[in-house]
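Undergrad: Provide a 3D model corresponding to the input given below.
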Amino acid sequence: MKKTFGLASAFILAAGLAAGCSSNGTSSEQKENKDTLDIYTTIYPLEDFTKKIGGEYVNVKSVYPPNVEAHTYEPSSKTMAEISDSDAFIYSGVGVEGFADKAVNTLKNSDVKIVKAGEGIDLLSREEEGEHDEHAHEEEHEHGEAEGHDHHDHGDHDPHVWLDPVLSAKMAENIKDELVKLEPEHEKTFTKNYESLKKDLEQLDKDFKQTVDKADKKEILVSHAAYGYWENRYGIKQISVLGLSPTEEPSQKQLENIVKTAKEHKIKYVIFENNVSSKISEIIKKEIGAESLTMKNLESVTKEDIESGKDYTTIMKENLDVLKKALSNK
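TA: Numbers count the residues shown, from 1 in each chain. As a prediction, the model looks like this:
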């Protein structure tokens, strides 16, 4: 079920902010005396990019626990109070964080710098995305409410911009610019670190293009419609079971269309995600006789990935290996 940042949480946070203002010294004075910036982020790429760009001058923590599903997760009031005492809160601002808008409205009363990493990025609309809209969710507005689906509404835009390396570079640039504003004395370091990250993202973009160009087919069957930006940039065709939010489930007619389309394209794999489970996708997998593959949508990362030292780039390369197999006729 969708969770929201409610009034009770807002009142608790407001009380925490008031208490903070009455403590010895103002929060802004305390922040000025610190050696590093305390920064909270949401989805994993923002955490990874901020750490890489900020280096030794930042202390970064994500509000999301490992392997969480970002669309419906809500931080505790304690976490929100901690964010209000930090130097910056970086979120995507593109609609994936269900709690963010109300939380940001409350945080405006504190000294924390609020950063929209997705600022300036043109989001894809459902109409601009391909195969999955036509076959899997063309009746979404007709059936969603009637069938009692409780989902986080993204409106008409796809929020999964971080899966596109080029758009990720834009988000990284926005983060760099804000870090420079917070600590202009470290501009050279932040810029140098950003340029290094940008090169990695540019190489990743080239790798994706080469892989898709050489692929046997362009169609993939995915459990969750998170890959519209790959459609737009690289020319794949995603056939999705669930919608832009994993809680957007298809009607019976849509299910029939998904199975029909998958058989037409001789789909051999269903791509699941590490933090999203779907019984409907399992049913479709059995119906078409497909095998399972697992992609990481990078909303959050697993404990194992954290312990093994993986980052955005290495996980995206793993995703590329999965994509390569899904696009193969073998």
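Undergrad: count the neighbours of D38 for me.
TA: D38 is surrounded by 17 other residues when neighbours are defined as other C-beta atoms under 10 Å. All C-beta spots, glycine's among them, are computed from the backbone N, C-alpha and C.
Undergrad: and I258, by the same measure?
TA: Other residues close to I258 by other C-beta under 10 Å number 25.
Undergrad: so it touches V241, yeah?
TA: Yes - proximity of I258 to V241 meets the contact threshold set by C-beta atoms under 8 Å, at 6.1 Å.
Undergrad: skipping adjacent residues, who's closest to D87 in space?
TA: Nearest non-adjacent residue to D87, counting by C-beta to C-beta, 6 or more residues apart in numbering: L37, 4.4 Å away.
Undergrad: who does that neighbour bridge with?
TA: Partner residues in beta bridges with L37, using DSSP bridges, are V58.
Undergrad: contacting residues around it?
TA: Residues touching L37, when contacts are defined by C-beta atoms under 8 Å, 6 or more residues apart in numbering, comprise G54, Y57, V58, N59, D87, A88, L179, L182, E183.
Undergrad: if you set the cut-off to 6 Å instead, what comes out?
TA: Under the criterion of C-beta atoms under 6 Å, 6 or more residues apart in numbering, the contact partners of L37 comprise V58, D87, L182.
Undergrad: try G118
TA: Contacts of G118 were listed using C-beta under 6 Å, 6+ apart, and they are S92, G93, V94, V161.
Undergrad: again, 8 Å this time
TA: Neighbours of G118 in contact, by C-beta under 8 Å, 6+ apart: S92, G93, V94, V161, M171, N174.
Undergrad: can I get the residues you listed in TSV with distance to K253?
TA: Putting those into TSV (distance: C-beta to C-beta, whole Å) gives the following:
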residue	distance to K253
S92	33
G93	35
V94	30
V161	30
M171	37
N174	41
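Undergrad: so which of those residues are in helices?
TA: When DSSP state H defines the helices, the subset of these inside them is M171, N174.
Undergrad: which among the contacts of G118 gets closest to K237?
TA: When the contacts of G118 are compared for distance to K237 (C-beta to C-beta), V161 comes out closest, at 19.2 Å.
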